[in-house]
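> Pasting a predicted model and its sequence here:
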Amino acid sequence: MSTGTPVATRLAFYQGQFVENSAVRLPLTTQALHYGTGVFEGIRAYADSAGGPLAVFRLREHVERLLRSAGTLRIELPHDAGELAGIVLELLDRNGCIGDTYIRPVAYKYALAPGTPFGVRLSGVTAQFSVTTTAMGSYVPQAGLHCKISSYRRVPSASIPSDAKITGTYANNALAVEEAHADGCDDALMLDGDGNLTEASTSNVFVVLRDGRVATPPATADLLPGITRASVIELLEREAGVVVEERPVPVAELLDAAEVFVSGTGVEICPVTAIDHRVVGTGRAGDLTTEVRRIYTEVVRGRRPAYASWLTPVRFE
């Protein structure tokens, strides 16, 4: 079920404190605003289907990736992975979050340090860190996405490292999404410089071939290798006995697929039912897509004890 327009919760973590969201004011000179020099994470917390505590999905992996992304832009954070996880959990607790919640940590370049000359740079610039939480259920059409193969190519890793979630890089994604919307589609599928599939605007892509094999573009394909992507690969292998081929996926193979689905923190698991106004498979979620979505939902809702280590419960005091 969708929650409609996402509603930010009352408190945020900003400049080392838990403060009212409405009280946060960023200076117009904030460097990340001008140059896109920030990194972020998207994390989900889910309500337990059995009435247990809210639990954050793969929290440790997300905060560790945030630290790696921050290192790419020479953003020094005064917190290690354990402390970052603790901040997220405390914010959820302070906000009294009990339903499905989206968590957005952001680390960004803030202002020139004393003695640093003006200009575009990474060193000699101070950093800030914030976390916000937003009540959020599913926000994409659960029946399936109609995607467009974008004319905008994915920014190559040789230009900006794609394995870091850098804010400025997402201008590329936004352009592709706007083009897709203008063509009556829900999302964009992006190609690399060789014309092979990379990812959707905010999610990874899996292709189920007509012979039953499953392929997804490799981590070297100018994409962000998602934490949900890694989870899906493991779930398919352990629960469905399907080994995913991580390899280049040409457009011809994408268009001839029996099923296509995307994975990501935001979109979760969602079928792609049309590409460039051409129906994929039967035009509905295929059997494997339906199965992996069911398994994934059971995992994040705490109904699969074998994956309990992927969930970090929020313990309200």
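In hand now; what should we look at?
> drop to CA atoms for contacts and neighbour counts, all remaining ones
Will do.
> Skipping adjacent residues, who's closest to A174 in space?
Excluding the flanking residues, the one nearest A174 by C-alpha to C-alpha, 6 or more residues apart in numbering is S201, at 7.4 Å.
> hang on, the one you found packs against E179?
No - between S201 and E179 there is no contact under C-alpha atoms under 8 Å: 11.4 Å.
> contacting residues for S150?
S150 sits next to 176, 179-180, 188-191 when contact means C-alpha atoms under 8 Å, 6 or more residues apart in numbering.
> Can you give the distance from the strand or helix carrying Y110 to the centre of its chain?
Per DSSP states H and E, Y110 falls inside strand 101-112. In this view, strand 101-112 has its centroid 15 Å away from the chain centroid, taken as C-alpha atoms, centre = their mean, to the nearest Å.
> which helices and strands sit right next to it?
Contacts defined by 3 or more C-alpha pairs under 8 Å, 6 or more residues apart in numbering; DSSP states H and E place strand 101-112 against helix 31-35, strand 38-40, strand 43-46, strand 125-135.
> In JSON lines: these, plus mean neighbour count, distance to V56 and mean pLDDT.
Shown next, in JSON lines, are the helices and strands packed on strand 101-112 (neighbours: other C-alpha atoms under 10 Å; distance: least, C-alpha to C-alpha, whole Å; pLDDT from 0 to 100):
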{"stretch": "helix 31-35", "mean neighbour count": "17", "distance to V56": "28", "mean pLDDT": "96"}
{"stretch": "strand 38-40", "mean neighbour count": "26", "distance to V56": "17", "mean pLDDT": "98"}
{"stretch": "strand 43-46", "mean neighbour count": "25", "distance to V56": "4", "mean pLDDT": "98"}
{"stretch": "strand 125-135", "mean neighbour count": "21", "distance to V56": "12", "mean pLDDT": "96"}
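> Skipping adjacent residues, who's closest to G281 in space?
In space, G281 is closest to A258, 4.6 Å off (C-alpha to C-alpha, 6+ apart).
> Report the mean per-residue pLDDT for stretch 164-171.
Stretch 164-171 carries an average pLDDT of 98.
> and if you look at stretch 199-212?
Confidence for stretch 199-212, expressed as mean pLDDT, is 97.
> Residue ranges in the stretch 101-250 of the chain under the pLDDT threshold?
Along the stretch 101-250 of the chain, segments meeting pLDDT under 70 are nowhere present.
> hey, where'd the helices end up in it?
Counting by DSSP state H, counting those that start in this stretch, the segments of the stretch 101-250 of the chain that form helices are 170-182, 227-240.
> thinking again about what came up before, the residue nearest to A174: neighbour count?
19 (other C-alpha atoms under 10 Å).
> what does P156 give?
The burial count for P156: 15, using other C-alpha under 10 Å.
> tell me the contacts of it?
162, 192-193, 222.
> re earlier: do you know which of the helices and strands packed on strand 101-112 lies nearest T216?
strand 43-46 (22.1 Å; C-alpha to C-alpha).
> now for the closest one, which elements pack on it?
strand 55-57, strand 101-112.
> Show me which of the contacts of P156 are buried.
Neighbour counting over the contacts of P156 (16 or more other C-alpha atoms under 10 Å) leaves 162, 192, 222 as the buried ones.
> Including distance to E61, could the residues you listed go into TSV?
Below are the buried ones among the contacts of P156 laid out as TSV (distance: C-alpha to C-alpha, whole Å):
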residue	distance to E61
S162	17
D192	26
D222	20
